[in-house]
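S.K.: The sequence isn't on hand, but the structure is:
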């Protein structure tokens, strides 16, 4: 099966609608810090404990920059790391460092797990290439599944599966049978969704609330570090959305399909029709009330 190309990402609408050649998303999930100076030694990035740390504000096209690391050499990867920070994975489990974060921890609190190297920490350059390949595999699978096409087995293998996930379906007679084509595609969508969901959880993706005089600044979605920013952007690309919104009616979080407008109600797909109908009736009543006031 031929590999998925960026053109197929465009056809599946997982690229950014304002920049169809890119998959990046302008979503704000916070900043992170990284050492001011990173050295490349024997395939590893190292830094001194006495280094100054700087704050990194990710660009819109962060995901596109990550994808360029698939086959990049060590020097190119090191330059990316100097610009956008470290992949913080724990030495004990090989998972995002935030997977062991204490609930309610503040940004500068300690983690239970630690990075490789202990007091002489380092990050393997290969981790960046692995991340890029996993993101590419996820986007490849999403592109095919959005078009109701069979996914490439190699992409599933890249994500740690032995092959394309499939399992028998139980029928009305309580007997198992092989899934039909649509059921098989639904199984793959479910597996890909679960994989992304676990990744987001490991990266500390969650809502954060601060009691503020400015209501627009009190609530935000946050994730931990470079890995968290990449995971959230990958999720939005798969969801074919530019961000997250809260439905005015049911209060559930949903991925909007178009840019939200300030001062207007926002509705999820389930509430859209009734929400817009009620809004139109409300505007009509307000218009009639204003006419009565003018007549008086």
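M.R.: Looks like it arrived, so ask away. None of these values were measured; they are calculated from a predicted model.

S.K.: Going by C-alpha atoms from here, please, whenever you check contacts or count neighbours.
M.R.: Noted.

S.K.: which other helices and strands contact the helix or strand hosting residue 154?
M.R.: Assigned by DSSP states H and E, residue 154 belongs to helix 153-158. For helix 153-158, the contact count by 3 or more CA pairs under 8 Å, 6 or more residues apart in numbering; DSSP states H and E identifies helix 126-146 as packing neighbours.

S.K.: Could you report the pLDDT at residue 296?
M.R.: Reading off the per-residue confidence, residue 296 sits at a pLDDT of 59.

S.K.: now swap in residue 287 and tell me
M.R.: Residue 287 is assigned a pLDDT of 76 by the prediction.

S.K.: ditto for residue 70
M.R.: Per-residue pLDDT puts residue 70 at 93.

S.K.: try residue 193
M.R.: Predicted confidence (pLDDT) at residue 193: the value is 93.

S.K.: Could you check which helix or strand contains it?
M.R.: Residue-wise, residue 193 maps onto helix 181-202 under DSSP H and E.

S.K.: For residue 58, which residues are in contact?
M.R.: Residue 58 is in contact with 31, 84, 229, counting by CA atoms under 8 Å, 6 or more residues apart in numbering.

S.K.: What distance do you get for it to residue 270?
M.R.: Relative to residue 270, residue 58 is positioned 33 Å away (criterion: CA to CA, to the nearest Å).

S.K.: Now the terminal residues of stretch 23-41, how far apart.
M.R.: Using CA to CA, first and last residues of stretch 23-41 are 32 Å apart.

S.K.: Only the buried residues of it, if you could.
M.R.: The neighbour-count check on stretch 23-41 (16 or more other CA atoms under 10 Å) flags 23-25, 27-30, 32-35, 38, 40 as buried.

S.K.: residues of the helix holding residue 154 that come out buried?
M.R.: For helix 153-158, the buried set under the neighbour-count rule, 16+ other CA under 10 Å, comprises 154-156, 158.

S.K.: got the end-to-end distance for stretch 59-78?
M.R.: Using CA to CA, the distance between the terminal residues of stretch 59-78 is 18 Å.

S.K.: again, but for stretch 44-64
M.R.: With CA to CA as the measure, the ends of stretch 44-64 fall 23 Å from one another.

S.K.: repeat for stretch 66-75
M.R.: Its start and end residues considered, stretch 66-75 measures 14 Å (CA to CA).
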